[in-house]
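Asks: Predicted model and sequence below, questions to follow.
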Amino acid sequence: GNSVTQMEGPVTLSEEAFLTINCTYTATGYPSLFWYVQYPGEGLQLLLKATKADDKGSNKGFEATYRKETTSFHLEKGSVQVSDSAVYFCALIGAYGNKLVFGAGTILRVKS
Amino acid sequence: EAGVAQSPRYKIIEKRQSVAFWCNPISGHATLYWYQQILGQGPKLLIQFQNNGVVDDSQLPKDRFSAERLKGVDSTLKIQPAKLEDSAVYLCASSLSSITDTQYFGPGTRLTVL
């Protein structure tokens, strides 16, 4: 079946550091890929998405590129802020569009 | 635009008791989802409704969990009887129409079974 693997956290960075959170997936065909974010005390919200190979999703300074050859969708941000502290989830919807499958989540802590 | 509403936010019960959660989706959203998120794991889909019909309930433990969406709007998820392993956050989400539309999540209900 479809699955998503994320790097384990927590990831702790200083403000203005570069962020990478790794995500790889297993799926048949060409899934759609997503990053969701959960800020403390709030519900999950969509951060960005990409629906085909080589697409780049971007939002709020975050970016991720859909790499079919490495089955990856790594999340990056050039300069993190304290307000980016949250839990980040990589997810996919399979090519046959049945359900949203999430990774385990990665906790990000940014120190000032 | 109002978001997805859920209640209660927190619930503590003893094992073998029953519990119910309520969800009100975004107005006009035809599709509603219930997810279970166990601590340290990503959300797992329990059931998906399209209007008031069930699209997918393959991961719903039907011997103890039930869900309904009367009139295609609000939904309730019930657990009866609860087990210790049901301790989790129960998330409700809604989307405009299909699985490929963006899902909007509520704040969740944190259930603790003692």
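Replies: Ah, there it is.
Asks: Of all residues in chain B, which one is nearest the centre?
Replies: residue B:34 (3.0 Å; Cα atoms, centre = their mean).
Asks: a strand runs through that one, doesn't it?
Replies: Yes - judged by DSSP: H, G, I helix; E, B strand; the rest coil, residue B:34 forms part of a strand.
Asks: For chain A, which residues are neighbours of chain B?
Replies: Taking Cβ under 8 Å from any Cβ of the partner chain as the contact definition, chain A meets chain B at A:4, A:32, A:36, A:41-46, A:89, A:91, A:93, A:97-105. The way it works is simple: take the backbone N, C-alpha and C, and place the C-beta from them, glycine included.
Asks: Low-confidence ranges, chain B, go.
Replies: For chain B, the stretches with pLDDT under 70 are B:1.
Asks: Endpoints of stretch B:19-33, how far apart?
Replies: Its first and final residues considered, stretch B:19-33 spans 18 Å by Cα to Cα, to the nearest Å.
Asks: same question, stretch A:41-54
Replies: Start-to-end, stretch A:41-54 (Cα to Cα) is 34 Å.
Asks: List the residues that contact the residue of chain B found nearest chain A.
Replies: Nearest residue of chain B to chain A, counting by Cβ to the nearest Cβ: residue B:42, 3.0 Å away. With contacts defined as Cβ atoms under 8 Å, 6 or more residues apart in numbering or on different chains, residue B:42 is in contact with A:4, A:89, A:91, A:101, A:102, A:103, A:104, A:105.
Asks: Just the ones in strands from those residues, please.
Replies: Residues from the contacts of residue B:42 lying in strands, with DSSP state E as the criterion: A:4, A:89, A:91, A:101, A:102.
Asks: from the residues you listed, which has minimum pLDDT?
Replies: Across these, the member with the lowest pLDDT is residue A:101, scoring 93.
Asks: leaving aside the residues next to it on the chain, what's closest to that one?
Replies: Spatially, and ignoring its direct neighbours in sequence, residue A:101 is nearest to residue A:2 (4.9 Å; Cβ to Cβ, 6 or more residues apart in numbering or on different chains).
Asks: now do residue B:74
Replies: In space, residue B:74 is closest to residue B:24, 5.2 Å off (Cβ to Cβ, 6+ apart).
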